[in-house]
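S.K.: here are the coordinates; sequence isn't available:
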Ligand code: UGY
Ligand code: MN
């Protein structure tokens with residue numbers, strides 16, 4: 001816990017179109033459909049977002065029931081293990097995608113921690129199949145030819161998917177090439193390192209464990225600082241028209 005939190009300070013900042021959610025302000029809850037788990041929902045539709053993003057932690061073994069009707073789920077394992085209904089075991093840096101009504105629940109071992117995303121899936125034709133994988137097996141691609149900024153795409157680039165989930169890897173000093181503005185939203189979790197995130201007209205120092213919501217059209221830019229690489233997991237509603 002950040003000692004300044006005892007004096008009412010936090011780096012969290014909730015604005016109408018973006019939010020920075022830092023660990024000292026996480027509020028842990030329990031939920032009947034996640035028996036035994038504690039959840040800190042960091043992004044939710046109450047903010048104006050089209051997605052929910054949270055951290056789940058399990059002091060003892062715990063469960064997640066399948067998502068509600070029409071809802072898809074993506075989970076990235078941070079610590080411990082999660083088991084899918086088909087017996088697949090996810091370890092740290094492994095992930096799974098569960099389309100609505102497919103993929104079932106999850107079982108977590110004691111000490112497990114993961115970041116979870118849920119959203120109302122936009123079906124166009126047949127649903128994609130559930131996906132699971134391991135980040136270490138996903139090849140990285142330089143973004144716009146910059147080999148100091150490498151993207152790993154965890155889901156297939158197939159138009160049946162309505163969201164993408166990527167890992168962005170920045171060498172120290174690397175940055176996004178320009179200030180992006182786009183109608184798609186983002187949910188983001190810093191995994192390693194740190195830097196400065198520009199959101200709208202605010203510049204925030206960010207570090208591992210920080211989460212960000214970027215609403216539609218929010219001007220956004222990141223520059224990695226320090227001596228070690230910075231890495232974040234980012235989701236984006238894509239493969240869709242704005243109308
Ligand atoms: O895919 C993206 O829009 C990504 N480059 N945005 C970001 O990192 N803020
Ligand atoms: Mn973007």
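M.R.: Yep, that arrived. Because the structure is a prediction, the values reported are computed rather than measured. Ligands and ions are numbered 1, 2, ... in the order given.

S.K.: who does whichever strand or helix holds residue 39 touch, helix- and strand-wise?
M.R.: The secondary structure element spanning residue 39 is strand 38-43 (assigned by DSSP states H and E). Here strand 38-43 touches strand 18-21, strand 51-57, strand 211-214, going by 3 or more CB pairs under 8 Å, 6 or more residues apart in numbering; DSSP states H and E. (Glycine included, C-beta is placed from N, CA and C.)

S.K.: quick check: which of these is buried the most?
M.R.: The highest average neighbour count among the helices and strands packed on strand 38-43, using mean count of other CB atoms under 10 Å, belongs to strand 211-214 at a mean of 26.

S.K.: in its sheet, what does that one sit against?
M.R.: When pairing is defined by DSSP bridges, strand 211-214 lines up against strand 18-21 (antiparallel), strand 186-192 (antiparallel).

S.K.: what would these look like in CSV with distance to ligand 1?
M.R.: CSV is the format used below for those (distance: least, CB to the nearest ligand atom, whole Å):
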stretch, distance to ligand 1
strand 18-21, 11
strand 186-192, 6
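
S.K.: nearest to residue 101, out of the ones you listed?
M.R.: Distance to residue 101, taken as CB to CB, is lowest for strand 186-192 among the strands paired with strand 211-214, at 22.4 Å.

S.K.: now the angle from the closest one to strand 38-43?
M.R.: Interaxial angle, strand 186-192 versus strand 38-43 (axes from the mean of the first three to the mean of the last three CA atoms, to 10 degrees): 120 degrees.

S.K.: how about the contacts made by the residue in the chain positioned nearest to ligand 1?
M.R.: When you check the chain against ligand 1 by CB to the nearest ligand atom, the closest residue turns out to be residue 220, at 4.4 Å. By CB atoms under 8 Å, 6 or more residues apart in numbering, residue 220 lies in contact with 176, 179-181, 186, 197-199, 214.

S.K.: in contact with residue 230, which residues?
M.R.: Residue 230 is in contact with 169-170, 172, 190, 192-195, 222, 224, counting by CB under 8 Å, 6+ apart.

S.K.: out of these, which are buried?
M.R.: With burial judged by 16 or more other CB atoms under 10 Å, the buried subset of the contacts of residue 230 is 169-170, 172, 190, 193-195, 222, 224.

S.K.: now for those: which two are most distant?
M.R.: The span of the buried ones among the contacts of residue 230, defined through CB to CB, is set by 172 and 190 at 14.5 Å.
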